[in-house]
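> Model the following, please.
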Amino acid sequence: MSLIGLLTKLGPSLGFLSPSAGSVFSDILVRNASKKAGASTRNRCQRTPGKRRGIKVFDGQRVPHGKLLVKQLRLQVLPGWNTKMLNTCNIVALTHGRAMLTTEKIDPKLDAYSALPARLGEVMPQHLLNENIYRVHVHVVPDEQHQYFKLVDQV
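So this is what the prediction gives:
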């Protein structure tokens, strides 16, 4: 029972709290709980699992057809021989063979740049055209190579 309810119930029996003393009831205030239940303000994103992106093969490692070589969100590693870049910028092997990682100087071509996924951008920045750009490439050297070789003099 609240304090105001108790005083109104017992008011007539108490001599000093008569109904004519209405100012006493108006001066009495009851304070309720002001703190509300809320969530914790702690950072709860500390133990989120990793995205497992990056290069999945080592240099010289044998890879089967269709093996995921690189998982990436943005274009960091470029595809090379016998590899294919998917729409998600992941790179997979097209043949059985050995993986080979190289760092090569690239010459940006605007036609090839427009063939990349649309989320990577539309226009090649001007500062990239004036610089030497080196990128990691992933190649797959096939196990079985054809034996039809021609000498340079015969061509």
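> what's K84 in contact with, if anything?
Residues near K84 by C-beta atoms under 8 Å, 6 or more residues apart in numbering: 91-92, 94. Where C-beta positions appear, they are placed from N, C-alpha and C, glycine not excepted.
> residues touching the residue nearest the centre of the chain, list them.
Compute the mean C-alpha point of the chain, and by C-alpha atoms, centre = their mean the closest residue is K51, 7.2 Å away. The contact partners of K51, by C-beta under 8 Å, 6+ apart, come to L73.
> In the chain, where's the longest helix?
Scanning the chain for the helix with the most residues, using DSSP state H, yields helix 3-10.
> What segments of this protein are helices?
3-10, 22-27, 110-114, 126-129.
> Can you tell me which of those helices has the worst average pLDDT?
When those are compared on mean pLDDT, helix 22-27 scores lowest, with a mean of 56.
> number of nearby residues for C89?
By other C-beta atoms under 10 Å, 20 other residues sit near C89.
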